[in-house]
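Engineer: Fold the following for me, if possible:
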Amino acid sequence: MVFYPQERIALFIDGSNLYASARALSFDIDYKRLLNVFAAKGHLIRAFYYTALIDDQEYSPIRPLIDWLDYNGYTMVTKPTKEFTDASGRRKIKGNMDIELAIDVMEMAEHLDHIVLFSGDGDFRRLVEAVQRKGVRVTVVSTIRSQPPMVADELRRQADNFIELMDLQPSITRALPSREDRGIEAANHAALQTPAGALQDA
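Structural biologist: Reported below is the predicted structural model:
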């Protein structure tokens, strides 16, 4: 990893993308350790975490995780999912956070030297290119070791650095989840993958 101690760093975490990548590699992330890894590499200005919430549930299983992150150094960006019916009449749930993430990156760019993007979504290639033109370096964190790879080739090529999530595993893995947080995020993502329809990225 190429970081400099004087750099102003911010993390932008696409929650569902990072979750899917970690699951594909069969490990759970300890978010406190994750924050510490990057806080040790420079001046960590912000760590944004983006996730959609299913609005019509009495109790959202991801809420305890969101509250924990909110109190432990992360800036939470959430919005309710939207329900729609596709062309074949199936109910779908949509919860894309790309616009929110892109706006925050562009607004924060002038205050940063280095952006760390936790996502493999190829749609972010132009965003990365735009902030690079402002003189900001961009590191993408995702994985090519899953089947299929979770990072788009065009995004990986555009980034200044690419960090393989599997290489971070020893530093950020959660060995034994507590009873309180076991399955919190898994339950939310399972809810989004209901028989009625998977979470849509459109």
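
Engineer: Quick one: end-to-end distance for stretch 117-126.
Structural biologist: Its start and end residues considered, stretch 117-126 measures 13 Å (CA to CA, to the nearest Å).

Engineer: For it, buried residues please.
Structural biologist: Neighbour-count burial for stretch 117-126 flags 117-121, 124-125 (criterion: 16 or more other CB atoms under 10 Å). All C-beta atoms are positioned from the backbone trio N, CA, C, and that covers glycine.

Engineer: Check which element follows the helix or strand hosting residue 117 along the chain.
Structural biologist: Residue 117 is part of strand 114-118 when elements are defined by DSSP states H and E. For strand 114-118, the following helix or strand on the C-terminal side (DSSP H and E) is helix 125-132.

Engineer: and that next one, what does it pack onto?
Structural biologist: Counting by 3 or more CB pairs under 8 Å, 6 or more residues apart in numbering; DSSP states H and E, the packing neighbours recorded for helix 125-132 are helix 98-108, strand 137-142, helix 153-158.

Engineer: who touches that helix?
Structural biologist: By CB atoms under 8 Å, 6 or more residues apart in numbering, the surrounding residues in contact with helix 125-132 are 102, 105-106, 109, 115, 117, 138, 140, 152, 154-155, 158-160.

Engineer: quick revisit: with the buried residues of stretch 117-126 in mind, which one is nearest to residue 31?
Structural biologist: residue 118 (11.1 Å; CB to CB).

Engineer: counting residues per strand, which one in this structure is longest?
Structural biologist: As assigned by DSSP state E, the longest strand anywhere in the chain is strand 43-53.

Engineer: Tell me what angle it forms with strand 114-118.
Structural biologist: Counting by axes from the mean of the first three to the mean of the last three CA atoms, to 10 degrees, strand 43-53 points 30 degrees away from the direction of strand 114-118.

Engineer: before we move on, back to that, now mean pLDDT and distance to residue 74 too, for the helices and strands packed on helix 125-132, in TSV please.
Structural biologist: As requested, these are exported to TSV (pLDDT from 0 to 100; distance: least, CB to CB, whole Å):
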stretch	mean pLDDT	distance to residue 74
helix 98-108	97	13
strand 137-142	98	15
helix 153-158	98	23
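
Engineer: Deepest in the core, which of the ones you listed is it.
Structural biologist: strand 137-142 (a mean of 24; mean count of other CB atoms under 10 Å).

Engineer: got the contact list for residue 76?
Structural biologist: By CB under 8 Å, 6+ apart, the neighbours of residue 76 are 48-49, 51, 66, 69-70.

Engineer: Just confirm it is within a strand.
Structural biologist: Yes: judged by DSSP: H, G, I helix; E, B strand; the rest coil, residue 76 forms part of a strand.

Engineer: mind checking pLDDT for it?
Structural biologist: Note on residue 76: pLDDT of 95.
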